[in-house]
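Asks: got a sequence here, can you build the structure:
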Amino acid sequence: MSSYEVKAGLEKVDSFDVVGISIVTDNEKASEEINALWEGFFKQNIGQSIDNKVDDVIYAVYSDYEGDHTKPYRLTIGYKVNGAPQLSGHLHHVAVQSADYAMMSAAGEQPKALIETWEAIWQSDLDRKFETDFEVYGKRFFEEGVHEILVAIGVKL
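Replies: Okay, here's the model as predicted:
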């Protein structure tokens, strides 16, 4: 993927809040831990325990970076909420930063398409902020044959 394609979808995103379950991990152990987090998300039916969720779109938010993509970070899988986040027990709140985001589509066979998109991001010349990045799992993710995930990477302009 050339840097032109990576930067093709630049979008200003206003801050928003996500509530869900989360872990702190790094790319050395991420695949196993992230798979377990997704399993827990669906097994525990997390959406049922979030009072003020906006809709059924799932967000995976990367935050609390301890450096670049090779260092530990937090991943929260949950839903966008309205108003003050209501937290109970095992739920975590993350505020997605208001910023410019490079928007990319990872469509096709999952998680292969998503992994390839992240590998292209890591190898790109994007001037990343390492504050918040996020993935959006909307209607097109659940569409047969599409399985599109929108990947948003916070960038410095």
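Asks: low pLDDT regions in the chain?
Replies: For the chain, the stretches with pLDDT under 70 are 1-8.
Asks: okay, strands next: where are they in it?
Replies: With strands called from DSSP state E, the chain shows them at 10-13, 16-25, 53-63, 73-81, 92-96, 99-106, 128-137, 149-155.
Asks: export those as CSV, with columns for mean neighbour count.
Replies: (C-beta placed from N, C-alpha, C; glycine too.) Converted to CSV, the strands of the chain look like this (neighbours: other Cβ atoms under 10 Å):
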stretch, mean neighbour count
strand 10-13, 12
strand 16-25, 21
strand 53-63, 19
strand 73-81, 22
strand 92-96, 19
strand 99-106, 19
strand 128-137, 20
strand 149-155, 22
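Asks: for the longest helix seen in the chain, buried residues please.
Replies: Longest helix in the chain by number of residues (criterion: DSSP state H): helix 30-43. The neighbour-count criterion (16 or more other Cβ atoms under 10 Å) identifies 30, 34, 37-38, 41 as the buried residues of helix 30-43.
Asks: now the two most distant members of these.
Replies: Farthest apart among the buried residues of helix 30-43 by Cβ to Cβ are Ala30 and Phe41. That separation is 15.4 Å.
Asks: could you say what helices and strands the longest helix of the chain packs with?
Replies: strand 16-25, strand 73-81 (3 or more Cβ pairs under 8 Å, 6 or more residues apart in numbering; DSSP states H and E).
Asks: any idea how far apart the tips of stretch 132-144 sit?
Replies: 29 Å (Cα to Cα, to the nearest Å).
Asks: and the contacts of it?
Replies: Residues outside stretch 132-144 that contact it (Cβ atoms under 8 Å, 6 or more residues apart in numbering) are 18, 57-63, 94-97, 99, 101, 106-107, 114, 146-154.
Asks: swap in stretch 32-51?
Replies: By Cβ under 8 Å, 6+ apart, stretch 32-51 touches 19-23, 25, 53, 56, 58, 75, 77-79, 81, 86, 88-89, 91.
Asks: from the chain's centre, how far out does that stretch sit?
Replies: How far stretch 32-51 lies from its chain's middle: 14 Å, per Cα atoms, centre = their mean, to the nearest Å.
Asks: and if you look at stretch 89-104?
Replies: Worked out by Cα atoms, centre = their mean, stretch 89-104 lies 7 Å from the chain centre.
Asks: what do you get for stretch 70-83?
Replies: With Cα atoms, centre = their mean as the basis, stretch 70-83 stands 7 Å off its chain's centre.
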